[in-house]
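Novice: could you look at this predicted model? Sequence included:
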Amino acid sequence: MRTLILALVATAALSLAQTPAPSPSLKKEATCYELRTYVAAPGKMEDLHNRFRNHTMALFAKHGIQVIGFWGPSDKEKGSENTLVYVLKYPSREAREKAWKAFGADSVWVAARKASEVNGKLTDKVESVMMGEVNYFTAK
């Protein structure tokens with residue numbers, strides 16, 4: 001048992017040691033951005049747009065989640081029929097966590113999500129990437 005524990009600790013330490021450090025070109029300030037990519041379930045893309053349009057955008061504002069923009073691929077082979085990409089901005093990672101926790105618990109969101117998914121989930125896949133600004137460009 002002791003050997004197993006030592007092996008697990010060594011493996012964890014090795015994986016931490018192999019995690020690359022952030023680029024020195026990333027700003028050290030707390031502002032962070034989140035790139036979110038949604039892949040809609042078959043036939044649900046417009047339902048997903050409608051949920052953002054009719055519910056999610058107002059709830060983001062209510063909970064301090066700043067929307068930078070929304071985009072969709074323009075090429076069919078790149079996902080124009082089922083992919084939605086958007087970027088959010090937060091004062092800090094801690095602010096992001098607090099905002100999403102409040103958003104997820106909001107009774108208006110819970111009801112809107114439930115109603116929008118009465119005929120099945122709207123998304124097959126959701127990806128999130130946290131990002132920081134680089135030191136040679138400032139986003140507007």
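Specialist: Structure received.
Novice: what's the weakest-modelled helix or strand in this protein?
Specialist: For the chain, using mean pLDDT, DSSP states H and E, the weakest element among its helices and strands is helix 2-17, scoring a mean of 46.
Novice: tell me the predicted confidence for the nearest residue to H55 once chain neighbours are set aside.
Specialist: Among residues not flanking H55 along the chain, A112 sits closest, at 3.9 Å (C-beta to C-beta, 6 or more residues apart in numbering). In short, each C-beta sits where N, CA and C put it, glycine included. pLDDT recorded at A112 is 98.
Novice: over to K27?
Specialist: Listed pLDDT for K27 reads 82.
Novice: that one touches G132, doesn't it?
Specialist: Yes: the pair K27 / G132 is scored as a contact, 6.0 Å apart, by C-beta atoms under 8 Å.
Novice: which one's more surrounded, those two?
Specialist: G132 (17 against 13; other C-beta atoms under 10 Å).
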